[in-house]
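Using only what follows, build the 3D model:
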Amino acid sequence: MDSKYWDDKYSTQEFIYTKVVNRFVAELCGDLEVSGYKRAIELAGGEGRNAVWLAKQGWHVENVDFSQKALDKYLILAQEEGVAELCSATCADALKFEPLVSPVELAVIGYLQIPEAQLEVATRRIAGYVADGGHLMGVWHSRDNLVGGFGGPRDPDVLPNVETITKALEGTGLTIQILENREGQIQTKEGLKPSTTLVLLAKREA
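Modelled structure (predicted):
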C-alpha cells in the first residue's frame, strides 16, 4: 500500500478512524511526567485524533504521515478543537522522515502496521529523536490478534509482538517500561469490537 492508496481512503469528509483518541494513548501518555518542553511526534498519525488530543493536553505536536489527505483533515480538526497553533504536519515516509523539531519529549507510533523489517527501521528512526528523559509510546494490532481478535491485518508479517518490538529497540538506549498484549477495543461504525492490542512504553533515562 502506497500513499495514493491512503490518499484515496482518506478522501472523504468522514473521519475513517474517528476523532476519538486511542484509549491506550490516553492511558499511557496522559500522566507522563515531563520536565521542560512538551514536544511530541506522532508517526503515521493519519487524521490526527491522537495528535489533536495531545495538543489539548498542552503538547506541541508534529503529525508525520505519508498521506497529505489525512494531514489536511488533521489540520482542520486541530482548528476545530482550538489547538491549531500547537499542531504541525509533515508529509513523509515513516522510514525516511525528518522531524521539524528534535529531540522530543514524546514519540508515538499508532497502528503502523508494516512489514517487520520496515517497522524495525521506523521504530529505530523515531527512537533516535527521543530526548533524554523522554518516552516512546506504541500501539499496534498484535500478532496474537490473529487468534480470536477483531479487525486489523491478517498477515503476521505486519503484526508485531513482544519479541519483534524488543528486537527493534535493541541498541536505541531506550528502556522498556511496558511491552505487553492488552485486551483492546477497535472503534468501528458499529461500535467497539474486541481485539488483542500490543502496547509499548519506553523511556530514555535523563
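
show me where the protein has helices.
3-10, 23-29, 49-56, 68-80, 116-127, 162-169 (DSSP state H).

buried sites along the fourth one?
Using 16 or more other Cβ atoms under 10 Å as the burial criterion, the residues of helix 68-80 that qualify are 69-75, 77-78. Using the backbone N, CA and C atoms, a C-beta is placed for each residue, glycine as well.

Just put the helices of the chain in TSV and tack on distance to Ile16.
TSV is the format used below for these (distance: least, Cβ to Cβ, whole Å):
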stretch	distance to Ile16
helix 3-10	6
helix 23-29	17
helix 49-56	10
helix 68-80	9
helix 116-127	21
helix 162-169	25
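
do you know which of those lies nearest Gly148?
helix 162-169 (17.9 Å; Cβ to Cβ).

Which residues outside the closest one are in contact with it?
116, 119-120, 123-124, 127, 136, 138, 143, 160, 176, 179-181, 198, 200, 202 (Cβ atoms under 8 Å, 6 or more residues apart in numbering).

Select only the buried ones of these in PyMOL?
In PyMOL, this line selects whichever of the contacts of helix 162-169 come out buried by 16+ other Cβ under 10 Å:
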select buried, resi 116+119+120+123+124+127+136+138+143+160+179+181+198+200+202
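
Would you mark the buried spots in stretch 199-206?
Those would be 199-204, for stretch 199-206 by 16+ other Cβ under 10 Å.

okay if I get the residues you listed as a markdown table plus pLDDT and distance to Ala55?
Converted to a markdown table, the buried residues of stretch 199-206 look like this (pLDDT from 0 to 100; distance: Cβ to Cβ, whole Å):
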| residue | pLDDT | distance to Ala55 |
| --- | --- | --- |
| Val199 | 98 | 22 |
| Leu200 | 98 | 22 |
| Leu201 | 98 | 20 |
| Ala202 | 98 | 22 |
| Lys203 | 98 | 22 |
| Arg204 | 97 | 23 |
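
Closest to Phe24 out of those residues?
Among the buried residues of stretch 199-206, and counting by Cβ to Cβ, the member closest to Phe24 is Val199, at 5.0 Å.

Quick check: beta-bridge partners of the closest one?
Judged by DSSP bridges, the bridge partners of Val199 are Val139, Glu180.

list the contacts for it?
Taking Cβ under 8 Å, 6+ apart as the definition, contacts of Val199 comprise 24, 28, 137-139, 178-182.

let's see 10 Å
Shown in contact with Val199 (Cβ atoms under 10 Å, 6 or more residues apart in numbering): 22-25, 27-28, 137-140, 142, 165, 178-182, 184.

List only those of those flagged as buried.
By 16+ other Cβ under 10 Å, the contacts of Val199 give 22-25, 28, 137-140, 142, 165, 179, 181-182, 184 as buried.

Next, give me the two most distant ones among those residues.
Arg23 and Ile165 (19.1 Å).
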